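Enquirer: Structure for the following, please:
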Amino acid sequence: MTPPTLLTGWGRTAPTAAHVVRPRSARQVADALAGAGPRGVLARGLGRSYGDAAQAAGGLVLDCTELTGPPRLDPDRGEVTAPAGTSMGRLIAHLLRAGHFVPVTPGTRHVTLGGAIAADVHGKNHHADSSLGAHVRALTLVTPDGRTRRLTPDGPDADLFWATVGGMGLTGVITEATIAAHPVETAYARVDTDRTRGLDATLDLMARTDDDYRYTVCWLDLLARGAATGRGVLTRAHHARIADLPRPLRRAPLHHRPTAPVGAPPWAPPRLLNRWTVGAFNAAYHAAAPERRRGQIQPLSSFFHPLDAVRGWNRVYGPHGLVQYQFVVPFGAEDTLTDIVTGLSRAGAPSFLAVLKRMGEPTPGPLSFPRPGWTLALDLPADLPGLGRLLNGFDERLLTVGGRLYLAKDSRARAETVHAMYPDLPAWRRVRERVDPDGVLVSDLAHRLRLV
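Expert: Numbering: from 1, shown residues only. All right, here's what the predicted structure looks like:
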């Protein structure tokens, strides 16, 4: 066996070592599960979970990025089948060549299809289309007993299907999936932008207009104070039609070539991102945004995945890494959202990656994160003084209104907090214990949060 490899999440915190193997087929996955040692085994994709969800200290990690092959589009059925190691970027490129697009994409294209299902990722269209799990037609799952199962959302093993969607890789290893594919005319978005002056204005504008758009997201300035607290830049979009494009772009409307990324510095000093540097950036970004702009044509890659234009952007948070905090609060609990935004502002918490979205209908997944309401995701330096106390206080406030944290982003929550936020956890455990009675599938997140 190869020597252990040190692994972290995208936040670059809490590294642990594990043996890593790279299966290329469902058979090799089954063999790896059968040969797992006492420290267990876990599947891993491209490592974009922020915390410890794709780590297994002392165990065996299956790097599934070599579970690849050509995606197979069935335009008549409106679906595409692809190996689980296929990246979202590759899948998007393949579909656009045929005039189709994925039903949901997260904020980066550097995630695998299997990992996206395991985290039940959501995107800018959750208010209209729910999360990715709502669009999975079938998946192939290898369970610790060596069986390869084809699961569907309403088939005989529907409970296992939904335990896997959002199940963070703890019910088996996904090796292939079939998801919906939607026809599009172009590889561009038609984008409307509004600059807002404060959180109340932001929430009001989103509540009144989001349902008129397929995609919507708002960047927030979490360091602004007073009447400007929660000011933002709201962008909403539809897929552009050929008639929307400037004449030169109509010659190749499905042309898709994401901009080659520039590399972030390989090293950044501690506390480079602080209330003064981030405050200056936020103020400049907000001021530079148009007060009101309509119908701007943007490449889909620019609209959906702007951070992918900077390779290794997580390094700018310095050697201690970053913590991403994402929560959802139900509609009617806007006061809690306001209190958290105000608390971040008062604490001078330096986040320049803070995005607010409205969420719609959930999937039946017991561990799936999205619920109808408001979700805010923000990045903070992991070495920010008082960060743990600040976020623990927010957790307690979320519990009082039925809010919850996103497991794919978490790196620091308390187990009892997460258990209270996910009341269907016991039902999920019963399904998991049926397919993995010996506890072969493990992760650092599962141990930390006592999920298994």
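Enquirer: I figured Leu353 hits Pro381, correct?
Expert: No. Applying CB atoms under 8 Å, one finds Leu353 not in contact with Pro381, separated by 11.5 Å. Every residue, glycine included, has its C-beta placed from N, CA and C.
Enquirer: These two: which is more packed in?
Expert: Pro381 (23 against 18; other CB atoms under 10 Å).
Enquirer: Could I get the contacting residues of the residue nearest to Glu334 when sequence neighbours are not counted?
Expert: Nearest non-adjacent residue to Glu334, counting by CB to CB, 6 or more residues apart in numbering: Leu203, 6.2 Å away. Counting by CB atoms under 8 Å, 6 or more residues apart in numbering, Leu203 touches Glu334, Leu337, Trp374.
Enquirer: From these, pick the one nearest Arg293.
Expert: Trp374 (24.1 Å; CB to CB).
Enquirer: Model confidence at that closest one, what's the number?
Expert: Note on Trp374: pLDDT of 98.
Enquirer: What of Arg271?
Expert: Confidence for Arg271, expressed as pLDDT, is 84.
Enquirer: same check, this time on Trp267
Expert: In this model, Trp267 carries a pLDDT of 81.
Enquirer: before we move on, back to that, which of the contacts of Leu203 fall in strands?
Expert: Counting by DSSP state E, the contacts of Leu203 place Trp374 in strands.
Enquirer: For ChimeraX, write a command that selects the buried ones of the contacts of Leu203.
Expert: Selection of buried members from the contacts of Leu203 for ChimeraX, criterion 16 or more other CB atoms under 10 Å:
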select :334,337,374
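Enquirer: could you dump the contacts of Leu203 to TSV with distance to Asp194?
Expert: Formatted as TSV, the contacts of Leu203 follow (distance: CB to CB, whole Å):
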residue	distance to Asp194
Glu334	19
Leu337	19
Trp374	17
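Enquirer: Give me the residue ranges of the stretch 1-150 of the chain where confidence is low.
Expert: 1 (pLDDT under 70).
Enquirer: For it, just list every one of the strands.
Expert: Taking DSSP state E, counting those that start in this stretch to define them, one finds strands in the stretch 1-150 of the chain at 5-7, 16-21, 41-44, 60-63, 72-74, 79-83, 100-101, 136-142, 148-151.
Enquirer: Give me the residues contacting the shortest one.
Expert: The contact list for strand 100-101, computed with CB under 8 Å, 6+ apart, reads Leu73, Pro75, Val80, Ile92, Leu95, Ala181, His182, Pro183, Val184, His239, Leu300.
Enquirer: Three-state assignment for Gln324, please.
Expert: What DSSP: H, G, I helix; E, B strand; the rest coil gives for Gln324 is strand.
Enquirer: Quickly note the distance from it to Ser411.
Expert: Gln324 sits at a distance of 8 Å from Ser411 (criterion: CB to CB, to the nearest Å).
Enquirer: rewinding a little: right, so of the strands of the stretch 1-150 of the chain, which gets closest to Asp211?
Expert: strand 100-101 (20.4 Å).
Enquirer: how far out from the middle of the chain is that closest one?
Expert: 20 Å (CA atoms, centre = their mean, to the nearest Å).
Enquirer: re the thing from before, need the phi and psi values for the residue nearest to Glu334.
Expert: Taking degrees, to the nearest 10, you get phi -60, psi -40 for the backbone angles of Leu203.
Enquirer: Report the separation between it and Ser49.
Expert: Taking CB to CB, one finds Leu203 at 29 Å from Ser49.
Enquirer: What of Ile92?
Expert: 20 Å.
Enquirer: more neighbours, these two?
Expert: A count of neighbours by other CB under 10 Å puts Ser49 above the other of Ile92 and Ser49, at 30 against 22.
Enquirer: quick one, what contacts the closest residue in space to Pro70 that isn't next to it in sequence?
Expert: Distances taken as CB to CB, 6+ apart place His94 nearest to Pro70, at 7.6 Å, with adjacent residues excluded. Counting by CB under 8 Å, 6+ apart, His94 touches Pro70, Pro71, Leu73, Val80.
Enquirer: at 10 Å what do you get?
Expert: By CB atoms under 10 Å, 6 or more residues apart in numbering, the residues touching His94 are Pro70, Pro71, Arg72, Leu73, Val80, Ala82, Thr86, His100, Val102, Ala181, His256.
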